[in-house]
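[1] Sharing a model that was predicted from the sequence below.
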There are 2 protein chains.
Amino acid sequence: MTDTIAIVGAGLVGRAWAIVFARSGLPVRLFDLDADISGQARDLIAASLDDLASFELIDDPAGILNRISAVDTLADALDGATYVQESVFERVETKQQIYREIDAVIGAETIVGSSSSGIPASAFTGGLSANARYLIAHPVNPPHLARVVELVPAPWTAPESVDAAWSLMERVDQVPVRVNGEIDGFILNRLQGVLLDEAFRLVRDGYVSATDLDKTIAHGLGLRWSFIGPFETIDLNAPDGIADYVERLGPLYSGIVNSRSVRGAWDDDLVTPAVTERRAHLPQEKILQRQMWRDRQMMALAAHHKKLSDTSN
Amino acid sequence: MTDTIAIVGAGLVGRAWAIVFARSGLPVRLFDLDADISGQARDLIAASLDDLASFELIDDPAGILNRISAVDTLADALDGATYVQESVFERVETKQQIYREIDAVIGAETIVGSSSSGIPASAFTGGLSANARYLIAHPVNPPHLARVVELVPAPWTAPESVDAAWSLMERVDQVPVRVNGEIDGFILNRLQGVLLDEAFRLVRDGYVSATDLDKTIAHGLGLRWSFIGPFETIDLNAPDGIADYVERLGPLYSGIVNSRSVRGAWDDDLVTPAVTERRAHLPQEKILQRQMWRDRQMMALAAHHKKLSDTSN
């Protein structure tokens, strides 16, 4: 029997998830509380599929689109679904409301993953009857181009639910990671947060421009990080591996970390220099155009990785 | 008149620098205090050039190799050189010794950039007669595949020396960045250091495995960071740009940073869990093989970027 997937919330993230599941052959039902958003979802997905086909990332856009249907009610979406990917607006009241509604109609075995990037599942699934089957399944946007998915259980999520979500994500060619316990920002955004905090400080303190700082990542560290992570990077960056690396550079790094004065908010004093420079570099009215450029770059990069992976198989 | 480049120190980094300059048409003289290293440098460079040609990153390996000559003395290397890239072993006494020798034979206009990744120029150029023309020019390894170069002046480095190094780096298709003042780890390794520090803590505290943490970067954040840096990433990740992003997510991020207990060394308690997991994942004896795989991936990625750049021109 084929698994059926329900997508609850048909915005940018929900639509990208629909592509992830449908391109792996699974039937997808899309639902959004806003009928206008539901109504235009398939047309927007069709446009995305054409883009993906132009980068040779998929080869049957019409077939994929045919597996995706928009439905009118939450009950219709969930009827017989084995997995629900919830991607409604990231506000705790909105999440609480939709989970109450999900809980009222959910099947006996259905697992629900939330796309929440910051709100933990315990903040909106407490007291619900099926909450052993609710967890966070946090993607990077857009999930059809960046494959990692952070799986974060609430204290009451059953381990089997995490296992089931893991298996499904692997099956649809995503890259699941397990986060053990609820922690602010999960893993990905904690790593981003500490790096950004230092980046803002270096610009605020005049050591470097925001533009030049971006170059140190884009033409330096980010290259290796885009196919191996930070641990493997340092493991391969000393003759005898990571322990050797830590022995050589640990004192420098711990000295840097210990000398930072890190208390304080991300207030205007901290962020204004970088913000001002970005707007001088890219005027507000050109952001959308640059976002479209970024999306094409992401597709080209995904095609590059696909080609490498096809070659090595 | 064509600039002539001297490479002092013909190890892995020095040889990669020789390729950078020679592939842009500049004559390069290689010198190493160790005659054995000097003697085999051109053969090793020839092998690297063949690799680069196989990825279509260069098209005339023989012509490039012909522009590189190994010389027997430091004076011969520096005679008439407009720029010296120093890449000797990273130990302060070694650097001090070679700069005394450089200072004794340097021409009246020659600029010297050091590949030092951590030792600031003030630690080894103090009191030397030409030290207004000495600065750090820190690459990512290998500089012929990762283009960023951090230019870091000592307090006595003349601004014109930094400008000259900047122009030369742009001319040979590297990506120079300006670091204003000496700061531990410069920019690149400070960003790496704070991210690694959080990474080690998340693994030590059991929130995630080292393998899964690497995936959150390699299949998530690292993808965008490999062609736009961290500031541009967040600038394009909110409808109204970076200020909008900070308003939405600043409280989460500053909360994460402020709640971290960051004092302490990179001691066994901190690093052992990640180190142990890496060795279980990749046995010591397979590190070299994986490094060679990484180098091929880096070449494939450089070829990908070159193709995108050729297409957009």
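    It's in.
[2] Apart from its chain neighbours, what residue comes closest to A:Gly222?
    Nearest-residue entry for A:Gly222: B:Trp225, 3.5 Å, with adjacent residues in sequence omitted and distances by CB to CB, 6 or more residues apart in numbering or on different chains. C-betas here are computed from N, CA, C, even on glycine.
[3] where's A:Asp51 relative to chain B, distance?
    16 Å (CB to the nearest CB, to the nearest Å).
[4] Burial check on that residue, number of neighbours?
    Under the neighbour criterion other CB atoms under 10 Å in any protein chain shown, A:Asp51 is assigned a count of 15.
[5] OK, contacts around it?
    Shown here is A:Asp51, whose contacts under the criterion CB atoms under 8 Å, 6 or more residues apart in numbering or on different chains are A:Asp295, A:Arg296, A:Met299.
[6] Is A:Glu150 located within a strand, as I assumed?
    Yes: secondary structure of A:Glu150 (DSSP: H, G, I helix; E, B strand; the rest coil): part of a strand.
[7] does it really touch A:Ala121, like I thought?
    No: because the distance of 11.6 Å does not satisfy CB atoms under 8 Å, A:Glu150 is recorded as not touching A:Ala121.
[8] which residues are in contact with both of those two?
    A:Ile136.
[9] need the helices for chain A, in chain order.
    With DSSP state H, the ranges of helices along chain A come out as A:12-23, A:35-54, A:61-66, A:74-78, A:92-105, A:122-125, A:159-171, A:188-204, A:210-216, A:222-225, A:230-235, A:242-259, A:268-281, A:287-312.
[10] of these, which approaches B:Leu270 most closely?
    Between B:Leu270 and these, the shortest gap by CB to CB is with helix A:242-259, which sits at 8.5 Å.
[11] Identify all contacting residues around the closest one.
    Residues from elsewhere that reach helix A:242-259, judged by CB under 8 Å, 6+ apart: A:231, A:234-235, A:237-238, B:118, B:184-185, B:189-190, B:192-194, B:196-197, B:262-266, B:271, B:274-275, B:278-279.
[12] which stretches of the stretch 151-300 of chain A have low pLDDT?
    For the stretch 151-300 of chain A, applying pLDDT under 70 flags the ranges A:262.
[13] on that earlier part again, so who does the residue nearest to A:Gly222 touch?
    With contact set as CB under 8 Å, 6+ apart, B:Trp225 has these partners: A:Ile217, A:Ala218, A:Leu221, A:Gly222, A:Trp225, A:Ser226, B:Thr233.
[14] what do you get if the cut-off is 7 Å, keeping everything else the same?
    A:Ile217, A:Ala218, A:Gly222, A:Trp225, A:Ser226, B:Thr233 (CB atoms under 7 Å, 6 or more residues apart in numbering or on different chains).
[15] Also A:Ala121?
    A:Ser114, A:Tyr134, A:Leu135, A:Ile136, A:Val152, A:Ala154, A:Thr157.
[16] Do I have it right that A:Ser209 meets A:Thr276?
    No: under the contact definition of CB atoms under 7 Å, A:Ser209 does not touch A:Thr276, with a separation of 10.9 Å.
[17] Compare those two and say which is more crowded by neighbours.
    In this comparison of A:Ser209 against A:Thr276, neighbours counted by other CB under 10 Å, the higher total goes to A:Ser209 at 19 against 14.
[18] Quick check, A:Gly185 in contact with A:Gly193.
    Yes: between A:Gly185 and A:Gly193 there is a contact under CB under 7 Å: 5.7 Å.
[19] Looking at those two, which has the bigger crowd around it?
    Set A:Gly185 next to A:Gly193 and count neighbours by other CB under 10 Å: A:Gly193 wins out with 25 against 21.
[20] nearest residue to that one other than its sequence neighbours?
    For A:Gly193, the nearest residue in space outside its immediate sequence neighbours is B:Tyr253; the separation is 3.9 Å by CB to CB, 6+ apart.
[21] Can you get me a residue count around that neighbour?
    Number of residues near B:Tyr253 (other CB under 10 Å) recorded here: 25.
[22] For PyMOL, write the select line for the buried members of the contacts of helix A:242-259.
    Per 16 or more other CB atoms under 10 Å in any protein chain shown, the buried members of the contacts of helix A:242-259 correspond to this PyMOL selection:
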select buried, (chain A and resi 231+234+235+237+238) or (chain B and resi 118+185+189+190+192+193+194+196+197+266+271+274+275+278)
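[23] isn't A:Pro61 right next to A:Ser48, touching?
    No: in this structure A:Pro61 lies outside contact range of A:Ser48 using CB under 7 Å: 9.0 Å.
[24] quick one: which of those two has more around it?
    In terms of neighbours (other CB under 10 Å), A:Ser48 is the more surrounded of A:Pro61 and A:Ser48; the figures are 23 against 20.
[25] Would you tell me which residues of the stretch 51-200 of chain A are close to chain B?
    Taking CB under 7 Å from any CB of the partner chain as the test, the list of the stretch 51-200 of chain A residues beside chain B reads A:118, A:140, A:146-148, A:150, A:175, A:177-181, A:183-185, A:187-188, A:190-199.
[26] same thing but at 8 Å, please
    A:118, A:140-141, A:145-148, A:150, A:175, A:177-181, A:183-185, A:187-199 (CB under 8 Å from any CB of the partner chain).
[27] ok, the residue in the stretch 1-150 of chain A positioned nearest to chain B - how many residues close by?
    Using CB to the nearest CB, A:Val148 is the residue of the stretch 1-150 of chain A that sits closest to chain B, at 3.9 Å. The local packing count at A:Val148 equals 25, with neighbours defined by other CB under 10 Å.
[28] residues in contact with it?
    A:Pro139, A:Val140, A:Gln174, A:Val175, A:Pro176, A:Val177, A:Leu188, B:Lys215, B:Thr216, B:Ala218, B:His219, B:Gly220.
[29] Run through the bridge partners of it.
    Using DSSP bridges, the bridge partners assigned to A:Val148 are A:Val175.
[30] Kindly report the same for the one 5 residues further on.
    According to DSSP bridges, A:Leu135 are recorded as the beta-bridge partners of A:Pro153.
[31] and it, how far is that from B:Arg263?
    With distances defined as CB to CB, to the nearest Å, the gap from A:Pro153 to B:Arg263 amounts to 31 Å.
[32] Stretch A:210-217 near chain B anywhere?
    Yes: Stretch A:210-217 lies in contact with chain B when judged by CB under 8 Å from any CB; the contacting residues are A:Ala210, A:Asp212, A:Leu213, A:Asp214, A:Lys215, A:Thr216, A:Ile217.
[33] got the contact list for that stretch?
    Among residues not part of stretch A:210-217, those counted as contacts by CB under 8 Å, 6+ apart are A:199, A:202-203, A:208, A:273-274, A:277-278, A:281, B:148, B:150, B:175, B:177-178, B:187-188, B:191, B:225, B:228-232.
[34] Make a PyMOL selection of the buried ones in those.
    Filtering these down to the buried ones (16+ other CB under 10 Å) takes a single PyMOL command:
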select buried, (chain A and resi 199+202+203+208+273+274+277+278) or (chain B and resi 148+150+175+177+178+187+188+191+225+228+229+230+231+232)
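[35] what sits against A:His281?
    Going by CB under 8 Å, 6+ apart, A:His281 touches A:Ala210, A:Thr211.
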